[in-house]
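S.K.: structure for this input, please:
(one chain, ligands or ions: 1)
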Amino acid sequence: MHEWHEQVAVVTGASRGIGRAAACHLAAKGAAVCVNYAARPDAAEAVVREIRNAGGRAIAIQADVADPDAVDRMIGRASAELGPVTILVNNAGVIAQATLETFDAQAYARMRRVNVDGLIHATRAVAPAMRERGFGRIVNVGSIAGIGTALPASTFYAATKAEVLILTRRFAFELGRHGITVNAVAPGVVRTDMTGGALRERGSETERRLAEKTMVGRVGEPQDVASAVVFLAAPEAGWITAQVLTVDGGRMDYIGHG
Ligand code: NAP
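M.R.: Model prediction:
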């Protein structure tokens, strides 16, 4: 299991943004890729076409990661069509912005079901076959929100991402002896649909303000995070586990001098 062309990757939420970039980068390395999505088949099929046009192997599978049965069916189908899953990228995530005043229990529960429960369902779905083969790479997409940034109204989202980070370490502990590594990336602000309008317009005032908070002086692009995901998912990364790799251009606002 030490060659890229032997790898089969499932990337959740791969129809857009960071997941899309990770799926394309893994495929370019030689892995076969299952492009998971929730609601946008056209976007997912476009990713599959892009990978196939570049000579790679990919299929798109719809599954709401919050639904454990749907996740099990997806992993079953991906394994049947591409081969046993060796790489899982738990990327699917949503943000429900709220403050203490505007907190909405239902919106929070839904966000947790995707960001936290989804990661648990997908990890549980791939773990038995990975254990059997004595090999696996799991990369979770957290956020610097889970470490300490304080963007307005992201408090409850941050709580779900803190859970992602602790689950990463604990799953790494449970699975390490089976040759399975579990790591996380913690991205800073990345230009995707999630970060929305202000960043879509390049050079906006918001972008300039966010770029100024980084040591390298720019906001992130999906490929910046995908490179870190691929590094942690690589066959040769077998002695790196339980780590959180921050990918944020060197954000200074939560480590600075105040
Ligand atoms: P995005 O552009 O909004 O894309 C979200 C992706 O997740 C889409 O492919 C969407 O599928 C999928 N998705 C949403 N809910 C799902 C569900 N229940 N089941 C399966 N797939 C689902 O998001 P992004 O910015 O790339 O974010 C990706 C990850 O990075 C998230 O975990 C996010 O929290 C994290 N992150 C992002 C940033 C940032 O600045 N963008 C920073 C730190 C961390 P459809 O296309 O079908 O809707």
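S.K.: sec struct for the closest residue in space to Ser154 that isn't next to it in sequence, please.
M.R.: Spatially, and ignoring its direct neighbours in sequence, Ser154 is nearest to Ala145 (5.3 Å; C-beta to C-beta, 6 or more residues apart in numbering). Any C-beta I mention is one placed from the backbone N, CA and C, and that applies to glycine too. Under DSSP: H, G, I helix; E, B strand; the rest coil, Ala145 falls in the helix class.
S.K.: low-confidence bits of the stretch 151-258 of the chain, can you list those?
M.R.: Where the stretch 151-258 of the chain drops to pLDDT under 70, the residues are 254-258.
S.K.: for it, what lies in contact range of the ligand?
M.R.: Contact residues (C-beta under 6 Å from any ligand atom) of the stretch 151-258 of the chain with the ligand: 187, 189-190, 192-195.
S.K.: before we move on, back to that, based on its surroundings, how many neighbours for the residue nearest to Ser154?
M.R.: 24 (other C-beta atoms under 10 Å).
S.K.: and Lys213, how far from the ligand?
M.R.: 13 Å (C-beta to the nearest ligand atom, to the nearest Å).
S.K.: now do the residue nearest to Ser154, the pLDDT please.
M.R.: pLDDT for Ala145: 94.
S.K.: before we move on, the earlier item: which pair of the residues of the stretch 151-258 of the chain next to the ligand spans the longest distance?
M.R.: In these, two members sit farther apart than any others by C-beta to C-beta. They are Pro187 and Asp193, at 14.2 Å.
S.K.: tell me how many other residues crowd Arg52.
M.R.: Residues near Arg52, counting by other C-beta under 10 Å, number 13.
S.K.: nope, Gly238 is what I was after
M.R.: 15.
S.K.: in this structure it contacts Gly179, no?
M.R.: Yes - between Gly238 and Gly179 there is a contact under C-beta atoms under 8 Å: 7.1 Å.
S.K.: ok, Pro187 and Asp193, which is more surrounded?
M.R.: When neighbours are counted by other C-beta under 10 Å, Pro187 comes out ahead of the other of Pro187 and Asp193, with 24 against 11.
S.K.: my read: the more buried one touches Gly19, true?
M.R.: No - in this structure, Pro187 is not within contact of Gly19 by C-beta under 8 Å, at 11.7 Å.
S.K.: doesn't Ala186 lie inside a strand?
M.R.: Yes - applying three-state DSSP, one finds Ala186 inside a strand.
S.K.: so what pairs up with it in the strands?
M.R.: Under DSSP bridges, the beta-bridge partners of Ala186 are Thr246.
S.K.: now for it, how many residues are close by?
M.R.: Per other C-beta under 10 Å, the neighbour tally for Ala186 reads 24.
S.K.: for stretch 184-193, buried residues please.
M.R.: Neighbour counts over stretch 184-193 (16 or more other C-beta atoms under 10 Å) mark 184-192 as buried.
S.K.: what about the helix or strand where Met74 lies, near the ligand?
M.R.: Using DSSP states H and E, Met74 falls within helix 68-82. No - remark: helix 68-82 sits outside contact range of the ligand, by C-beta under 6 Å from any ligand atom, the gap being at least 8.4 Å.
S.K.: which residues does that helix contact?
M.R.: By C-beta atoms under 8 Å, 6 or more residues apart in numbering, the residues outside helix 68-82 that reach it are 8, 10, 32-34, 36, 57, 59, 61, 63-65, 85, 117-118, 121-122, 124-126, 129.
S.K.: now, which of those lie close to the ligand?
M.R.: Answer for the contacts of helix 68-82 near the ligand (C-beta under 6 Å from any ligand atom): 36, 64-65.
S.K.: between Pro187 and Gly19, which contacts overlap?
M.R.: Residues touching both Pro187 and Gly19 by C-beta under 8 Å, 6+ apart: Val141.
S.K.: quick check: Ile61 touching Pro41?
M.R.: No - between Ile61 and Pro41 there is no contact under C-beta under 8 Å: 10.1 Å.
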